[in-house]
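*Asks:* Sequence and predicted model, in that order:
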Amino acid sequence: MIDNKEFDLVINIPKDMSLDELNSDYRIRRNAIDRNIPLITNTQLAVAFLDAVCEKNIADFAIKH
């Protein structure tokens, strides 16, 4: 789905520091960045972003070119 650019944003936070988890997460992050999909990799930033989005009405977001 990332390859097809079906996401507008990727939030990818590893659940542990195991090699398998880190390798899988690396591929997800690399694909998102290679396809210019915004990426959040930090729990605190993800929470702050989601809080900010939830406080706004969708009509308050202007489309910018």
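*Replies:* That came in fine, so what should we check first?

*Asks:* which other helices and strands contact the helix or strand containing residue 33?
*Replies:* Assigned by DSSP states H and E, residue 33 belongs to helix 19-34. On a contact count with 3 or more CB pairs under 8 Å, 6 or more residues apart in numbering; DSSP states H and E, helix 19-34 meets strand 10-11, strand 39-40. No exception for glycine: its C-beta is placed from N, CA and C like everyone else's.

*Asks:* So which of the ones you listed is nearest residue 31?
*Replies:* With CB to CB as the criterion, residue 31 lies closest to strand 10-11 of the helices and strands packed on helix 19-34, at 8.4 Å.

*Asks:* who's in contact with that closest one?
*Replies:* Outside strand 10-11, the residues that touch it by CB atoms under 8 Å, 6 or more residues apart in numbering are 2, 28, 29, 32, 37, 38, 39, 40, 41, 46.

*Asks:* Just among those, which is most surrounded?
*Replies:* Within the contacts of strand 10-11, most neighbours by other CB atoms under 10 Å means residue 32, with 21 neighbours.

*Asks:* What is the neighbour count of the spatially closest residue to it that is not a sequence neighbour?
*Replies:* Once flanking residues are discounted, residue 32 sits nearest to residue 10: 4.2 Å by CB to CB, 6 or more residues apart in numbering. Neighbourhood size, residue 10 [other CB under 10 Å]: 18.

*Asks:* quick revisit: of the contacts of strand 10-11, closest to residue 55?
*Replies:* residue 46 (15.2 Å).

*Asks:* Mind exporting the C-alpha coordinates of the one helix or strand the closest one maps to to CSV?
*Replies:* Following DSSP H and E, one finds residue 46 within helix 43-55. Written as CSV, here are the backbone C-alpha positions of helix 43-55 (Å, rounded to 0.1, in the frame of the first residue of the first chain):
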residue,chain,number,x,y,z
THR,A,43,5.4,8.5,20.3
GLN,A,44,5.3,11.9,21.8
LEU,A,45,5.1,13.6,18.4
ALA,A,46,2.4,11.2,17.2
VAL,A,47,0.3,11.9,20.3
ALA,A,48,0.8,15.7,19.9
PHE,A,49,-0.1,15.5,16.2
LEU,A,50,-3.2,13.5,16.8
ASP,A,51,-4.4,15.7,19.6
ALA,A,52,-3.9,18.8,17.4
VAL,A,53,-5.8,17.2,14.5
CYS,A,54,-8.7,16.1,16.8
GLU,A,55,-9.1,19.6,18.1
